[in-house]
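A.B. asks: just need the structure, nothing else, for what follows:
(one chain, ligands or ions: 1)
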Amino acid sequence: MRKKTRVIRVGNKLIGGANPITIQSMTNTITKDTEATINQIKILENAGCDIIRMAISDNEDARAIKIIKENINIPIIADIQYDYRLALESIKFGVDGLRINPGNIGSLDKVKKIVDACKAKGISIRIGVNSGSIKKDYLEKYSGVNEDSMVESALEQIKLLEELDFRDIKISLKASNVQLSIKSYKKMSEIRNYPLHLGITEAGPGMKGTIKSSVGIGALLAMGIGDTIRVSLTDDPVEEIRVGKEILRSLGLLKGGLELISCPTCGRTKIDLINIVKEAEKKLEDINKNIKVAIMGCPVNGPGEAKEADIGIAGGNGEGLIFSKGKIIKKVKEEDLLNELVKEIEKI
Ligand code: SF4
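C.D. replies: Below you'll find the predicted structure:
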């Protein structure tokens, strides 16, 4: 059961409640280099990114939002660290959401200026607590970095906005420690109903980052916690989207798209299954059909084990069977297997 959270808006995307869980990423271009930034966002959009965040470090970055927005279709969140004027400039140039900690902004008067501008334009704010930036007071009160000091830090930020009667908020409680992240998000989810932005911070590169993110984000989503996700990888942001989509798909939270399943190979495998699957991944990447494709190493277990697949391959000795819903359609030579599979998928 998904935890019921408030619904907030980021541009044309609704976050929280029963709305689909959105996937976010962040550009790593210089924001004011509008050509590079627009190109990267377009690639991310095509990969399935729902919302994009960009670092806004100066006025030129803020002004660039207008041009960038005119060339892309997904909402933009401005990531601002300390300067409230950059938040106001970003709002002026059409940003859809802010990532800012009111506690870093300074006087209440400055926070109020941001809140008033957000209210006027229906813009939401993400408040984010990071395990590396918890206040000394909370570290002392709760004996170090743990879910209590994380949540208390976030509550302080929330209170600042609630006192200004602003509740279009989503919250992140990111730590690079997976257990700490899970405990912190779980605790926050029990005491407040603001939508949660899930992520494991500084997860690292490639496989390591993918596993940490999948375990942390996946465990929370499986408990019904989380409304939007960002996989943080030291890699091309497109990888973050791919991993994010697979996390959602593996939990049945992403509808549509092609799901590829394949066996791990064993002593019965008599075709070059590993390379066939690698090739298939590339060939099927752009096929946007709501189907399950199975690539299995042998006919003994192949069609049977992947009975529910819409279409699949079961390898033989130098040849293979193409099957659909567990029924054999035809026998094909090994070198033609992949092309025949693609042809059959195109017919669906
Ligand atoms: Fe082995 Fe066949 Fe199972 Fe693949 S499907 S792991 S080849 S038994």
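A.B. asks: can you pull out the helices in the stretch 1-150 of the chain?
C.D. replies: 34-47, 59-71, 84-92, 108-121, 136-141, 147-162 (DSSP state H, counting those that start in this stretch).
A.B. asks: same question, the stretch 151-300 of the chain
C.D. replies: Under the criterion DSSP H, counting those that start in this stretch, the stretch 151-300 of the chain contains helices at 178-191, 206-222, 237-250, 273-284.
A.B. asks: related to what we said a few turns ago, nearest to the ligand, out of the helices of the stretch 1-150 of the chain?
C.D. replies: helix 34-47 (29.7 Å; C-beta to the nearest ligand atom). C-beta here means a position set from N, CA and C on the backbone, and glycine is covered the same way.
A.B. asks: show me what contacts the residue in the stretch 51-200 of the chain that the ligand sits nearest to?
C.D. replies: Across the stretch 51-200 of the chain, the shortest distance to the ligand (C-beta to the nearest ligand atom) belongs to Val178, at 29.9 Å. By C-beta atoms under 8 Å, 6 or more residues apart in numbering, Val178 lies in contact with 200, 212, 215-216, 219.
A.B. asks: buried residues in stretch 284-293?
C.D. replies: 284, 291-293 (16 or more other C-beta atoms under 10 Å).
A.B. asks: give me the low-pLDDT residue ranges for the protein?
C.D. replies: Scanning the chain for pLDDT under 70 picks out 301-302.
A.B. asks: now Ile8, which residues is it bridged with?
C.D. replies: Bridge pairing for Ile8 (DSSP bridges) gives the partners Ile15.
A.B. asks: neighbours around the residue in the chain positioned nearest to the ligand, how many?
C.D. replies: Closest residue of the chain to the ligand, C-beta to the nearest ligand atom: Gly297 (2.6 Å). Gly297 has 27 neighbours, counted by other C-beta atoms under 10 Å.
A.B. asks: which residues are in contact with it?
C.D. replies: 263, 265-266, 268-271, 273, 314-315.
A.B. asks: one more time with 10 Å
C.D. replies: 262-271, 273-274, 276-277, 305, 313-316, 320 (C-beta atoms under 10 Å, 6 or more residues apart in numbering).
A.B. asks: one more: Arg53?
C.D. replies: 10, 24-27, 75-79, 97-99, 126, 230.
A.B. asks: rewinding a little: can you tell me which of the buried residues of stretch 284-293 is closest to Ile65?
C.D. replies: Leu284 (35.7 Å; C-beta to C-beta).
A.B. asks: what's the closest non-adjacent residue to that closest one?
C.D. replies: Once flanking residues are discounted, Leu284 sits nearest to Leu258: 5.6 Å by C-beta to C-beta, 6 or more residues apart in numbering.
A.B. asks: swap in Val145?
C.D. replies: Leaving aside its sequence neighbours, Val145 sits nearest to Ser131 (C-beta to C-beta, 6+ apart; 5.2 Å).
A.B. asks: same deal with Gly326?
C.D. replies: Per C-beta to C-beta, 6+ apart, closest to Gly326 is Lys307, 4.0 Å.
A.B. asks: near the ligand, which residues of the protein show up?
C.D. replies: Neighbours of the ligand within the chain, by C-beta under 6 Å from any ligand atom: 263-266, 268-269, 296-298, 300-302, 305.
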